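> My questions are about this predicted structure, shown below with the sequence.
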Amino acid sequence: MKKLSTIGTAGIAALMAVCTLTGCMSKPTAPTNNESGRVEPPADIWAPYDQTVTVTTMGEENSGTEFQGDDDYGNNPWYRAYKERFNIDLQNKWISNDYGTKLNLAIADKDIADVFYVDSARLTTLYEAGLIMDLDEVFDSYASDVLKQYRKDYADTWETGCFDGKLYGMPQMNYGIIDQFQYVWIRQDWMKECGFEEPKTMDDVIKIATTFAQKYGGYALPECQTLENLFRLALSWGAHPGIWVTKDDGTIEYGTIQPEMKEALKQYTQWYKDGIVNPNFTTLNWDKMMQGMINGECGVIPFAQWFGYNPLPDLIKNQGADAIFFPYEIPTQDGSPIKGSVTFNNNGYVVIRKGCANPEAIMKIVNFYIYTVNDAVGKESNEYLSSLHSFNYPNVVRGTRIINPMNDYNQYLQVKDAFDRWQAGEDVDTSALGTNVSKYNSCVNWITSQDPNGVGDFLQQGNDRSAYGIAKKYVDNKQYVQDAKWGPDTPTLQASGSTLNDILIEGFTKIIIGEKDIDYFDELVQQWKTAGGDQATKEINDTYGNK
Amino acid sequence: MKKKKSFNVKNLWQYYAMLIPGVVLTFIFSYIPLYGVIIAFEKYNVGKGFASPWVGLENFRYLFSQPTFTRTIWNTLYISVWKLALGIVVPVTIAVLLNEMRSEKLKRFYQTLIYIPNFLSWIIMAGVLMDILSSTGAINMILAKMGVGSVDFLGNAKVFPWTMIVSDVWKGFGYGTIVYLAALTGIDPSLYESSMLDGATRWQQIKKITIPLLMPTIILMTVLSLGSVLNAGFDQVYNLYSPAVWETGDIIDTYVYRLGIQQAQYSVGAAVGLFKSLVSAVMVITSYRLADKLAGYRIL
């Protein structure tokens, strides 16, 4: 008996040891990078390869994409187009809903795809680690004329993708400054019931907001922990929080610590005291604030141009189509035209792995995206273009696309023109709209069937009352202050930019809720400066000043 | 009659063999990763890995130069020491009270009832607490009925740490109670019987028998929890705090989360981790020595 149990225990022990060892010795499967040699590219940059070229990428999950039929991230109109047009087989190494973290792991493992997109901090990391290739040669030989023109037109942005004068990351650009402005959004059914006109002064805005709160309950102005709405309304006092402003003497200073901001804060504190600002704001995060909007607790909100996309569709489903909000200009204190804040905006950088066998294949993919946006109308069928650009499919190729910064501006002109003609009862030839046809259709759907999914496009571009209608005026009249930091963050800002902002947000909160008086603002500015603000200001002036 | 235990490997080799997996796993997962501590002394670049440039104590200097970091140490200690203290007093009291209960059924009912919140994650609890504690929430309604003014539990910097302490103790005391109840059942009933013959009252029994015999368990639990004295409860605080209460509610972990993760400063994050581990090691060793000296208690 004794013997048996000894053997038993020994057996268990051995078994456990073996399990442990095999557990840690089983190797991860080898990465399936395509290292198979180079395929000779054809001379014409638009021609297909003779042999199929496989290119890998890594991507981010996009909840906005509505895949049709059997489509998915690995099989969709874009990927099929690459195969049909160029004989390029684009494959996803992985798609993640936590792109940043997953990308860091991939970089740490040195197991990256041939092409993907990164932010400016990771661009530096990858360059310093020597993992990405110098793109100058392949760009010169294979970039389309339009892409080369982008590089000329937006040289300052393309400069930020260079190290030692060599291009390592192609900036993906943005939809243009037209999408950066701020508005006061006001609920229309309440506005009509109360008989209010468009607000001309900030007092008008507050009068509308407080009347709504008295009549329909809730509170007059929403707010959340990050003080977003304070920073939006601060434009009214000529403050430009969050961007770097050039003073009269040519030096650059941070907008959030300027005297104009103190004035705005002073008034805002009074509003909080008077119960105009939501008294619970300190405990609300952005989602909770929006939940309140969706529940109809509030009829006035300072917000960006995309209020119609989120949360308005949910708000309308909840409160009915009459509860639509329209955007209005933020009125200034002295009645002069408002100036918005415009920041350097670049969605990311397209980078190519050092050692990628066919980097020109990636240039072809990039060229193709630009072609479908800029030159394809008339050359390709409307169905074909809209199959690529509907259902948010362009987000699937987030890692390989470069956006035309005039995109939204031109789109607005086209969509508004077509929509105006449709409203006047004319026949509209949608084939001339190209990829913009889906925006136009959404606007029409909103009017004909009050489809909540169309309200975003309608309020962004649909008529004169739309956000872009107002923003176009700002852009045309140069009614904005441009961020003096026209490029990526300097080292101090990269390392402690958000810590520095935290100091200000915490202090502003204390002032608003009455824990400190308004003169604490000056003390706060000192704190900000000693915590690294002075260093950051110096760096910004050295990098971006006197240009 | 008792044979002296022999510890020679020959007789007991199978038991040692059974230890191997544990030792191997600990070595692989706890000792080898210790090497990663070096990134606390580097300017870490994900692409270069451990071969990143060496910066010595720069990360620590940076951390302690931040005006808002030092207060997080104080906040952490304040919140977690109170949590520790009440996390012992409350469960011991409740355990003793439950133990004195005559109805077994009722005892089990309460035991289950107080244990339930322990199973809910802080994500869920935070949502519930935000509703209950808001200015229009249940607690403030009751306070208003009682004629007390409304209290801003989550937005007032003076109240916030106590909201954290009390809610954490409330959520966790069921678990502690069960541990102490288990220890109580281990007490020899004959001690109570003989004390009764000597005419001891219930209160005297508790003071002279129950508490002294519970002491080893109390000390064990305290020593074990002292190691985590610099963890004031990231899940809880992160889900409930806001800039309005950073002054008193921002703890080391939440600060480092904003600093290290959101700004991708891994080296600084590692530096804080190392700092915390050192403090914890000192705390564990001292408290263990103290327990030995004051209460004559040793784990081994």
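All right, it came through fine.

> List, one by one, the residues from chain B near chain A.
Contact residues, chain B versus chain A (CB under 8 Å from any CB of the partner chain): B:13-15, B:17-18, B:20-21, B:24-25, B:28, B:45-49, B:62, B:66-68, B:130, B:134-135, B:152, B:154-155, B:157, B:242-247, B:258-259, B:262-265. Where you see a C-beta, it was placed from the backbone N, CA and C, and this is true even at glycine.

> Check the chain and tell me which residue is nearest its centre.
In the absence of a named chain, this looks at chain A. Ranked by distance to the mean C-alpha position of chain A (CA atoms, centre = their mean), the top residue is A:Asn347 at 6.6 Å.

> wait, chain B
By CA atoms, centre = their mean, chain B has its centre lying nearest to B:Ser225, at 4.9 Å.

> What are the contacting residues of the strand or helix carrying it?
B:Ser225 is part of helix B:211-226 when elements are defined by DSSP states H and E. Residues outside helix B:211-226 that contact it (CB atoms under 8 Å, 6 or more residues apart in numbering or on different chains) are B:84, B:87-88, B:92, B:96, B:176, B:179-180, B:183-184, B:187, B:191, B:283-284, B:287-288, B:291, B:295, B:297, B:299.

> Please point out which parts of it sit buried.
B:Leu214, B:Pro216, B:Thr217, B:Ile218, B:Ile219, B:Met221, B:Thr222, B:Val223, B:Ser225, B:Leu226 (16 or more other CB atoms under 10 Å in any protein chain shown).

> Can I get those in CSV including pLDDT?
CSV is the format used below for these (pLDDT from 0 to 100):
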residue, pLDDT
B:Leu214, 90
B:Pro216, 84
B:Thr217, 86
B:Ile218, 88
B:Ile219, 84
B:Met221, 85
B:Thr222, 85
B:Val223, 81
B:Ser225, 84
B:Leu226, 83
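
> what does the model give A:Asn310 for pLDDT?
On the pLDDT scale, A:Asn310 is placed at 87.

> Return the residues in contact with it.
With contacts defined as CB under 8 Å, 6+ apart, A:Asn310 is in contact with A:Met290, A:Gly456.

> what are the phi and psi angles of it?
The phi and psi torsions at A:Asn310 (degrees, to the nearest 10) take the values phi -160, psi 120.

> How about the one 10 residues further on?
Its backbone dihedrals place A:Gly320 at phi 100, psi 160, with angles given as degrees, to the nearest 10.

> list the contacts for whichever residue of chain B sits closest to chain A?
Using CB to the nearest CB, B:Gly47 is the residue of chain B that sits closest to chain A, at 2.4 Å. With contact set as CB under 8 Å, 6+ apart, B:Gly47 has these partners: A:Ile107, A:Ala108, A:Lys110, A:Thr125, A:Leu126, A:Glu128, A:Ala129, A:Gly130, A:Leu131.

> what do you get for A:Tyr520?
Under the criterion of CB under 8 Å, 6+ apart, the contact partners of A:Tyr520 comprise A:Gly507, A:Lys510, A:Ile511.

> my read: A:Pro394 touches A:Ser386, true?
No. Look at A:Pro394 against A:Ser386 with CB atoms under 8 Å: they stay out of range, at 11.6 Å.

> Can you give me the buried ones in stretch A:520-527?
Applying 16+ other CB under 10 Å to stretch A:520-527 flags A:Tyr520, A:Phe521, A:Leu524, A:Val525, A:Gln527 as buried.

> Output those residues in CSV, with pLDDT appended to each entry.
Converted to CSV, the buried residues of stretch A:520-527 look like this (pLDDT from 0 to 100):
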residue, pLDDT
A:Tyr520, 96
A:Phe521, 97
A:Leu524, 95
A:Val525, 96
A:Gln527, 92
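
> between these, which is nearest A:Asn463?
Checking the buried residues of stretch A:520-527 against A:Asn463 by CB to CB gives A:Phe521 as the nearest, at 41.1 Å.

> So the closest one lies in a helix, does it not?
Yes. Assessed by DSSP: H, G, I helix; E, B strand; the rest coil, A:Phe521 belongs to a helix.

> element containing the closest residue to it other than its chain neighbours?
The spatial neighbour of A:Phe521 that comes closest, neighbours along the chain excluded (CB to CB, 6 or more residues apart in numbering or on different chains), is A:Lys262 at 4.8 Å. According to DSSP H and E, A:Lys262 maps onto helix A:259-273.

> and residue 259, how many residues sit next to it?
Since no chain was named, I'll use chain A. As a burial measure, A:Pro259 scores 13 neighbours (other CB atoms under 10 Å in any protein chain shown).

> look at chain B instead
For B:Leu259, the neighbour count with other CB under 10 Å is 23.

> Return the distance of it relative to B:Glu104.
Distance, B:Leu259 to B:Glu104, by CB to CB, to the nearest Å: 52 Å.

> Repeat that for A:Leu126.
Using CB to CB, A:Leu126 is found at 66 Å from B:Glu104.

> if you count what's nearby, which of these two comes out ahead?
Taking neighbours as other CB under 10 Å, A:Leu126 and B:Glu104 compare with A:Leu126 leading, 25 against 8.

> Tell me who's in contact with the more buried one.
Counted by CB under 8 Å, 6+ apart, A:Leu126 has contacts A:Ile107, A:Val118, A:Ile132, A:Tyr168, A:Val351, B:Gly47.

> do that again at 6 Å, thanks
For A:Leu126, the contact set (CB atoms under 6 Å, 6 or more residues apart in numbering or on different chains) comprises A:Ile132, B:Gly47.

> ok, now the one 5 residues further on?
Counting by CB under 6 Å, 6+ apart, A:Leu131 makes contact with A:Lys354, B:Gly47.

> Apply 8 Å and report the result again.
Counting by CB under 8 Å, 6+ apart, A:Leu131 touches A:Ile107, A:Lys110, A:Ile112, A:Arg353, A:Lys354, B:Gly47.

> Buried subset of those, written for PyMOL?
Buried members of the contacts of A:Leu131, defined by 16+ other CB under 10 Å, are picked up in PyMOL with:
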select buried, (chain A and resi 107+112+353) or (chain B and resi 47)
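
> Just name the closest of the contacts of A:Leu131 to B:Phe41, please.
Nearest to B:Phe41 out of the contacts of A:Leu131 is B:Gly47 (CB to CB; 18.4 Å).

> In three-state terms, label that closest one for me.
Counting by three-state DSSP, the backbone at B:Gly47 sits in coil.
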